[in-house]
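Trainee: task: produce atomic coordinates for the following.
(2 chains)
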Amino acid sequence: MADNGGKKITLKSSDGEEFEVPEVVAMESQTIRHVIEDVCAKNSIPLLNVNSKILSKVIEYCKKHVAAAEAAASKASTEEGTAAAASVTKPSDEDLKTWDAEFVKVDKGTLFNLILAANYLHIPGLLDLTCQAAADMIKGKSAKEIRKFFNLKNCISPEEEEEIRRENQWAFEEEKRTRAFDAYA
Amino acid sequence: MPPSPSSDNPSPGSGEASDDSASYDGAPINYLPPDALHNILLRLPLRDAVSCRAVSRTLRDSLSAPSFLSLLPTLRLLLLRHPRPTHGPSSPPSLHAFDPSTRRWLLLPLPFLPSQVTSFSPVSSSTSLLYLWLDPNPPSTKSLAVCNPLSQSYRLLPPLGSAWSRHGTVLAGPRGTLLVISELAVMCFSPLQNESQWMKHALSLPTKPRSPVLINETLFTLCDVGSAWRSQWKLFSCPLAGLGLGFGPRQGGWAPVERHMWGDVFEILKRPRLLPGSGGRRLLMIGGLRSSFAMDAPCSTVLILRLDLERMEWDEAGRMPPEMYRCFTGIGEIRDPLAGPGIVTVGNNKVKVFGGEGRVWFSGKRVRGKIAMWEEYEDGSTGGEWSWVEGIPGYNEGVYRGIVFDAGFTAMP
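Mentor: Sure, this is the predicted structure:
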């Protein structure tokens, strides 16, 4: 990332750790951007809902994406309109996707915390990435497995659950071949 | 990025939070704000999302709100339609549906149909809505109904009259419009204009329409403008506005669709059928590929032609592999000594063609228990994937057809 001596800002996690980051990286968070733009002369911004472990991951994400955007912009301006520009930006899109995929390979507790942080800090790209990762983890799981995944106590009675399954049969099970086809025999 | 050592998944019975308990304790999902939860749920395929109703009360409630449900992605299915459907008192009315993305069969129960209906037939669909012919008992006039099988709701359409039910092709259009096209006229139902009755328009076509389809507010159909002994197919189109259905000022009517460079594209197919192509920008024409221009020449296989409606150019989308086609025609069933070596003249080997939107299915009398499926290549190149779909229910007479249905909650009857 270009070190243009830009302004730095300090972010303070809920457990008291301080992170100094370039302002442009911190502004990936729209919440922080509003604080910086609307409430002037803030040198240190306390983030009461994000602990240091999660904040360091969030900063890592923001740094990577700011750097990727800067690299793409500078390549495009130096090779404007040439085919080379198109071919250079494409591999870095792929690299970023790969990096993103590795970034969300975390345990579900960290993932949920990242979702909460991305939501609280209004970082749309990170929210999309983490919510998609959570959805991918749920896909194909049974209700019991999803309950276990989200660590939920089962507060639906067996009768209620049976009724839900019956009313939404098409969503839960495949057609029971043997019985259904007898009707046409 | 290796997970940090302190982050273990909690044991199921403990109810303890995972490592970052500084942020929250208890079940993580209870701390997810509703819009983050919705963000996750909206990324699931429809069946996965709806099955989350059984997970917890919170999820059940979230997944029952109509406003949220209407945002869920739809599920593309093939619904089977038997030519002579009935359902006995022991088996509740339901539809067999095939999900091509998972290659699985689903059963869509329709318990909400009135009890005096003895048989029903799905004939057309628009997103989330299914149109059915209902046969009442005691027998009286068939009626059309629109339903959402997932939300279990339905509504009867105004009566049409029995002359229309047997032979009319039903086409669903945008904004709840419905067309029933028969030999000489088209009946239109446009709820935005008139909720209580159908409007009739004469068809100004040279002959009776064959295989009408609706693509993006334009009707397409084939007409046989040839003679008694030789078919000559011609393509016609008409904008919906031309039927005075409230799609803009009344303008346009039926006009032939032809280009000089198309050459003999209509002559190489026997008994062509039209189907909507993918993306609302293509028209498919499917028929037996004539092995020669002789009137009674047998067909060598089934050919799928595709018309790009923007560039107005035809290309070959795919053709049925010979070994598959043989299953429909029956190898060596009847040999015609006059036809020369290797030529098999077959009896009634009509192949039923149905589907559209990137997939076409084929059924036939000789092919029991399965149908052939063609899936368009994503890049639109010639070829496509051919496969057999097993698990078609048995039948006594008649052969299954089907319709494509995008099931979901995006519209209600």
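
Trainee: residue boundaries of the strands in chain A?
Mentor: When assigned using DSSP state E, the strands of chain A occupy the ranges A:8-12, A:18-22, A:44-46.

Trainee: ok, the nearest residue to residue B:202 once chain neighbours are set aside - how many residues close by?
Mentor: Nearest non-adjacent residue to residue B:202, counting by C-beta to C-beta, 6 or more residues apart in numbering or on different chains: residue B:185, 5.3 Å away. The way it works is simple: take the backbone N, C-alpha and C, and place the C-beta from them, glycine included. Residue B:185 has 14 neighbouring residues, counting by other C-beta atoms under 10 Å in any protein chain shown.

Trainee: could you do residue B:180 as well?
Mentor: Residues near residue B:180, counting by other C-beta under 10 Å: 25.

Trainee: before we move on, what about the one 10 residues further on?
Mentor: Using other C-beta under 10 Å, residue B:190 has 21 other residues around it.

Trainee: related to what we said a few turns ago, from residue B:252, how far off is the residue nearest to residue B:202?
Mentor: In this view, residue B:185 and residue B:252 are 18 Å apart by C-beta to C-beta, to the nearest Å.

Trainee: what's the answer for residue B:103, then?
Mentor: For residue B:103, the distance to residue B:252 - C-beta to C-beta - is 42 Å.

Trainee: which of these two has more residues huddled nearby?
Mentor: Using other C-beta under 10 Å, the more surrounded residue of residue B:103 and residue B:252 is residue B:252, with 15 against 12.

Trainee: how confident was the prediction at that one?
Mentor: Looking at residue B:252, its pLDDT stands at 73.

Trainee: show me where the stretch 251-400 of chain B has helices.
Mentor: B:322-329 (DSSP state H, counting those that start in this stretch).

Trainee: now the strands for it?
Mentor: All strands of the stretch 251-400 of chain B, identified by DSSP state E, counting those that start in this stretch, fall at B:255-256, B:269-276, B:282-290, B:299-308, B:313-319, B:351-356, B:359-364, B:367-375, B:385-390.

Trainee: ok, residue B:142 touching residue B:133?
Mentor: Yes: the criterion here is C-beta atoms under 8 Å, and residue B:142 meets it with residue B:133 at 5.3 Å.

Trainee: right, and chain B sits closest to which residue of chain A?
Mentor: residue A:109 (2.8 Å; C-beta to the nearest C-beta).

Trainee: and that residue, how many neighbours?
Mentor: 23.

Trainee: could you do residue B:187 as well?
Mentor: Around residue B:187 there are 20 residues (other C-beta under 10 Å).

Trainee: tell me the buried residues in stretch B:299-309?
Mentor: B:299-307, B:309 (16 or more other C-beta atoms under 10 Å in any protein chain shown).

Trainee: measure stretch B:228-235 end to end?
Mentor: Start and end residues of stretch B:228-235 are separated by 19 Å (C-alpha to C-alpha, to the nearest Å).

Trainee: and it, how far from the chain's centre?
Mentor: 27 Å (C-alpha atoms, centre = their mean, to the nearest Å).

Trainee: please apply the same query to stretch B:374-388.
Mentor: With C-alpha atoms, centre = their mean, you get 17 Å for stretch B:374-388.

Trainee: so where's the longest helix in chain A?
Mentor: As assigned by DSSP state H, the longest helix anywhere in chain A is helix A:52-78.

Trainee: what packs against that one?
Mentor: strand A:18-22, helix A:23-26, helix A:83-103, helix A:108-121, helix A:124-138 (3 or more C-beta pairs under 8 Å, 6 or more residues apart in numbering or on different chains; DSSP states H and E).

Trainee: mind putting the ones you listed in JSON lines, mean pLDDT included?
Mentor: What follows is these, written out as JSON lines (pLDDT from 0 to 100):
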{"stretch": "strand A:18-22", "mean pLDDT": "92"}
{"stretch": "helix A:23-26", "mean pLDDT": "91"}
{"stretch": "helix A:83-103", "mean pLDDT": "74"}
{"stretch": "helix A:108-121", "mean pLDDT": "91"}
{"stretch": "helix A:124-138", "mean pLDDT": "94"}
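
Trainee: could you say which of the ones you listed is packed most deeply?
Mentor: Most buried of the helices and strands packed on helix A:52-78 by mean neighbour count (mean count of other C-beta atoms under 10 Å in any protein chain shown) is helix A:108-121; its value is a mean of 23.

Trainee: now the angle between helix A:124-138 and that one, please.
Mentor: 150 degrees (axes from the mean of the first three to the mean of the last three C-alpha atoms, to 10 degrees).

Trainee: relative to helix A:52-78, how tilted is helix A:108-121?
Mentor: Relative orientation of helix A:108-121 and helix A:52-78, computed by the same axes, to 10 degrees: 60 degrees.

Trainee: by contact count, what packs against helix A:108-121?
Mentor: Using 3+ C-beta pairs under 8 Å, 6+ apart, helix A:108-121 is in contact with helix A:30-38, helix A:52-78, helix A:124-138, helix B:34-41.

Trainee: tell me which of the strands of chain A sits nearest to residue B:205.
Mentor: Smallest distance to residue B:205 across the strands of chain A (C-beta to C-beta): 69.7 Å, for strand A:18-22.

Trainee: so how far is that closest one off the chain centroid?
Mentor: That offset, for strand A:18-22, works out to 21 Å (C-alpha atoms, centre = their mean).

Trainee: kindly report the same for stretch A:14-31.
Mentor: Offset of stretch A:14-31 from its chain centre (C-alpha atoms, centre = their mean): 17 Å.

Trainee: ok, stretch B:74-85 next?
Mentor: The answer for stretch B:74-85 is 8 Å, by C-alpha atoms, centre = their mean.

Trainee: and that stretch, what's buried?
Mentor: Result for stretch B:74-85 [16+ other C-beta under 10 Å]: buried residues B:74-82, B:85.

Trainee: show me which of these neighbour chain A.
Mentor: residue B:82 (C-beta under 8 Å from any C-beta of the partner chain).

Trainee: adding secondary structure and distance to residue A:124, write the buried residues of stretch B:74-85 out as CSV.
Mentor: CSV is the format used below for those (DSSP: H, G, I helix; E, B strand; the rest coil; distance: C-beta to C-beta, whole Å):
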residue, secondary structure, distance to residue A:124
B:74, coil, 25
B:75, strand, 27
B:76, strand, 29
B:77, strand, 33
B:78, strand, 37
B:79, strand, 38
B:80, strand, 43
B:81, strand, 44
B:82, coil, 49
B:85, coil, 49
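
Trainee: centroid residue for chain A?
Mentor: The centre of chain A sits closest to residue A:130, judged by C-alpha atoms, centre = their mean, with a distance of 2.6 Å.

Trainee: and that residue, what does it touch?
Mentor: A:104, A:111, A:114-115, A:118 (C-beta atoms under 8 Å, 6 or more residues apart in numbering or on different chains).

Trainee: ok, the residue nearest to residue B:66 when sequence neighbours are not counted - contacts?
Mentor: Spatial nearest neighbour of residue B:66, excluding adjacent residues (C-beta to C-beta, 6+ apart): residue B:409 at 7.0 Å. Taking C-beta under 8 Å, 6+ apart as the criterion, residue B:409 is in contact with B:66, B:69-70, B:72, B:128, B:148, B:150-151.

Trainee: what do you get for residue A:68?
Mentor: Here residue A:68 is in contact with A:92, A:95-96 (C-beta under 8 Å, 6+ apart).

Trainee: could you pull up the mean pLDDT of the longest helix of chain A?
Mentor: Average pLDDT, helix A:52-78: 90.

Trainee: that concludes my questions; thank you for your assistance.
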